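J.: All I have is the shape, not the residue letters:
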């Protein structure tokens with residue numbers, strides 16, 4: 001019976017229909033999936049590629065459509081101010097949320113957090129040791145290849161993202 005039905009939620013990786021078929025989605029729904037937490041991180045494919053997220057905008061579109069069709073709720077985990085994020089990349093994130101308004105019924109939350117902090121010893125800090133200055137604080141880093149992304153600019157983008165999501169009804 002429905003009252004004895006097992007449900008589950010958890011962290012999940014975005015995959016397109018090549019990796020997660022419509023049948024896989026039906027099985028996910030039928031297994032009791034109620035809420036999937038997604039490390040989407042950015043609406044920019046180039047930012048996600050730099051993060052090695054391994055999913056395209058098309059994969060995300062297919063994932064959203066299947067989640068909606070199967071009534072599986074999603075939580076978006078986002079990162080504002082990733083070192084390679086340009087103003088165009090940031091706009092891609094805002095545009096993604098505008099595009100996904102049609103799925104708001106299944107988007108249970110969007111976690112923006114603060115802005116990206118970089119900790120010493122992490123893969124990001126280690127892989128970019130020559131062009132990422134940490135400046136004695138995880139929030140005050142400077143990426144030499146994207147100097148316009150200052151701490152002030154990251155905070156501004158975080159505020160703008162929050163305002164845009166509120167205006168869109170998220």
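T.: Nice, thanks for sending it over. Given the structure is predicted, the values throughout are model-derived calculations rather than measurements.
J.: quick one: buried residues of whichever helix in the chain runs longest?
T.: Criterion DSSP state H: the longest helix present in the chain is helix 151-168. Going by neighbour count (16 or more other CB atoms under 10 Å), the buried part of helix 151-168 is 153, 154, 157, 158, 161, 165. Glycine gets a C-beta too; all of them are placed from N, C-alpha and C.
J.: now stretch 103-117
T.: So for stretch 103-117, counting by 16+ other CB under 10 Å, buried means 106, 107, 110, 112, 115, 116, 117.
J.: Now do that stretch: distance to the chain's middle.
T.: Distance, stretch centre to chain centre, for stretch 103-117: 8 Å (CA atoms, centre = their mean, to the nearest Å).
J.: One more: stretch 163-170?
T.: The answer for stretch 163-170 is 16 Å, by CA atoms, centre = their mean.
J.: Now do the nearest residue to residue 162 once chain neighbours are set aside against residue 77, distance only.
T.: Excluding its sequence neighbours, the residue lying closest to residue 162 (CB to CB, 6 or more residues apart in numbering) is residue 112, at 6.0 Å. Distance, residue 112 to residue 77, by CB to CB, to the nearest Å: 9 Å.
J.: again, but for residue 165
T.: 14 Å.
J.: Show me the helices in this structure, by range?
T.: With DSSP H applied, the chain shows helices at 22-30, 45-51, 57-69, 87-99, 123-127, 151-168, listed in chain order.
J.: Which one of those lies nearest to residue 140?
T.: Distance to residue 140, taken as CB to CB, is lowest for helix 151-168 among the helices of the chain, at 5.6 Å.
J.: what mean pLDDT does the closest one have?
T.: Here helix 151-168 scores 98 as its mean pLDDT.
J.: mind listing what's buried in the lengthiest strand in the chain?
T.: Using DSSP state E to define each element, the chain has its longest strand at strand 33-41. For strand 33-41, the neighbour count (16+ other CB under 10 Å) marks 33, 35, 36, 37, 38, 39, 40, 41 as buried.
J.: Perfect, I'm done here.
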